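Asks: make a model of this:
(one chain, ligands or ions: 2)
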Amino acid sequence: MAKTPFLTDIKTLRARARQHIEEGAVTPTYGGNAEAAIKILNDALATEIVCVLRYKMHYFVAKGINSGPVADEFLEHANEEQAHADRIAQRIVQLGGDPNLSPDGLLSRSHTEYVATTDLAQMIKENLVAERIAIDSYRDMINYLGNDDPTTRRMMEGILAMEEEHADDLVSLLQELGK
Ligand SMILES: [Fe+2]
Ligand SMILES: [Fe+2]
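Replies: Ligands and ions are numbered 1, 2, ... in the order given. Here you go, the predicted model:
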């Protein structure tokens, strides 16, 4: 079979763009299944929000027990997870979906857990476990998206890289604590 030419002729390109304009960024060459992408993005969104809540809880507790540098790290991570949640929600809208921000069922949609502990080493460990879960599930998502939706894939690759940094930061904190 002859290989499809790299560039679609301009007439076809223009005609195609005029079809279904209400679908915005999702044009006929969108290779993926937008509905499936929205579903997995909503799970990632729930994961990020649970991470924000857990890091925030741990930040306030750690601050209360005068663990300044650890508390600062938790707050920084909380803010970064919030930024991830915002990017994911924005992409869901671009794909024609609605971001699911309902507190109902949030924990069951999330891949990570919310563990409220007040022990400093335990807090760091819980966050590390959560980061490792997020790393695994985002890597899965990236593989699933493949070349079908490069924009979503690149976004998730950027987020994955940050979760890897978070995990690394937490390992360093544990080492500093001698745990
Ligand atoms: Fe995140
Ligand atoms: Fe993270």
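
Asks: show me what residue of this structure gets nearest to ligand 2.
Replies: Nearest residue of the chain to ligand 2, counting by Cβ to the ion: residue 166, 3.6 Å away. The C-beta positions use only the backbone N, C-alpha and C, and glycine is treated the same way.

Asks: need the contact list for that residue.
Replies: With Cβ atoms under 8 Å, 6 or more residues apart in numbering as the criterion, the residues that contact residue 166 are 77, 80, 127, 131.

Asks: how near is it to ligand 1?
Replies: Going from residue 166 to ligand 1 by Cβ to the ion, to the nearest Å gives 7 Å.

Asks: got a list of what the residue of the chain found nearest ligand 1 touches?
Replies: Nearest residue of the chain to ligand 1: residue 84, at 3.7 Å (Cβ to the ion). Neighbouring residues of residue 84 by Cβ under 8 Å, 6+ apart: 48, 159, 162.

Asks: from the residues you listed, pick out the ones that also neighbour ligand 2.
Replies: Residues of the contacts of residue 84 in contact with ligand 2 (Cβ under 5 Å from the ion): none.

Asks: tell me which residues in the helix or strand encompassing residue 41 are buried?
Replies: Using DSSP states H and E, the element containing residue 41 is helix 34-64. Neighbour counts over helix 34-64 (16 or more other Cβ atoms under 10 Å) mark 34, 37-38, 40-59, 61-62 as buried.

Asks: intersect the contacts of residue 166 with the contacts of ligand 2.
Replies: Answer for the contacts of residue 166 near ligand 2 (Cβ under 5 Å from the ion): residue 131.

Asks: spatially central residue in the protein, please.
Replies: residue 44 (4.8 Å; Cα atoms, centre = their mean).

Asks: separation between that residue and residue 61?
Replies: The spacing between residue 44 and residue 61, counted by Cβ to Cβ, to the nearest Å, is 26 Å.

Asks: same thing with residue 77?
Replies: Relative to residue 61, residue 77 is positioned 14 Å away (criterion: Cβ to Cβ).

Asks: ditto for residue 28
Replies: 51 Å.

Asks: same thing with residue 91?
Replies: Noted for residue 91: a distance of 32 Å to residue 61, by Cβ to Cβ.

Asks: so where is this protein shaky, pLDDT-wise?
Replies: Applying pLDDT under 70 to the chain flags the ranges 1-7.

Asks: can you do 50?
Replies: By pLDDT under 50, the weakly predicted segments of the chain are 1.

Asks: residues from it in reach of ligand 2?
Replies: Proximity of the chain to ligand 2, by Cβ under 5 Å from the ion, involves residues 131, 163, 166.

Asks: report how many residues lie close to the nearest residue to the first one once chain neighbours are set aside.
Replies: Pointing back at residue 131 there. Excluding the flanking residues, the one nearest residue 131 by Cβ to Cβ, 6 or more residues apart in numbering is residue 167, at 4.1 Å. Here the count is done by other Cβ atoms under 10 Å, and residue 167 has 18 residues near it.
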